[in-house]
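[1] sequence first, predicted model second:
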Amino acid sequence: MSATPTAAHPEVTALYTAHQVWLQGWLRRRLGNAWEAADLAQDTFVRLLATPAGQADLQTAPLREPRAYLATVARRLLINHLRRQSLEQAYLEALAALPEAQAPSPEQQLVILQSLQELDAMLDSLPPKVRSVFVLSQVEGLTYAAIAEELGIGLRSVKRYMAQAMAECILLAP
């Protein structure tokens, strides 16, 4: 039988016990919603349990500023949460603008929304310049020369960044 999560991760358990209520309040003030705050607070501690780097940080030395550490992890999750909400809202607005006959079925809508979220996560994982080049090329339709001019970089860099973005797309494809 495996160890319980609390026995296997006493550092995270101690953080949870001491700071979960504070973190949930911190998130509630930013979100204005107690339910989402509770979910994100829980996700913060799950993230700590799931990342080897986070566990190693907690095991090697006690945190001098545990609330700052938790707030940093929670802030990243909050940004992702808000970005997903914004993406979903934009998608729903675009759907509402379609004539009813052209609107996708609920199943198709779910698949499209999930694909948009996966694309957003993939773009978020790219370095900023690589992401900019990819979006300007694939979404805006700019040529490599126009991208180089707009970003103030060389054409060779644009090609290298596009190759990097395409390689990431291939690696993340199902």
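    In hand now; what should we look at? Numbering: from 1, shown residues only.
[2] C-terminal to the worst-scoring helix or strand of the chain on mean pLDDT, what's the next element?
    Among the helices and strands of the chain, helix 5-8 carries the lowest confidence by mean pLDDT, DSSP states H and E, at a mean of 53. As assigned by DSSP states H and E, the chain's next helix or strand after helix 5-8 is helix 10-31.
[3] go through that next one and flag the buried ones.
    Of the residues in helix 10-31, 11-13, 15-16, 19-20, 23-24, 26-28, 31 count as buried by neighbour count, 16 or more other C-beta atoms under 10 Å. For glycine as for every other residue, the C-beta is placed from the backbone atoms N, C-alpha and C.
[4] ok now that helix, how far from the chain's centre?
    Helix 10-31 sits 20 Å away from the centroid of its parent chain (C-alpha atoms, centre = their mean, to the nearest Å).
[5] what's the mean pLDDT across that helix?
    Mean pLDDT, helix 10-31: 92.
[6] after that helix, which helix or strand is next? Please name it.
    Tracing the chain past helix 10-31, the next element assigned as helix or strand by DSSP H and E is helix 34-50.
[7] return the set of buried residues in that next one.
    Neighbour-count burial for helix 34-50, counted by 16+ other C-beta under 10 Å, picks out Glu36, Ala37, Ala38, Asp39, Leu40, Ala41, Asp43, Thr44, Phe45, Leu48.
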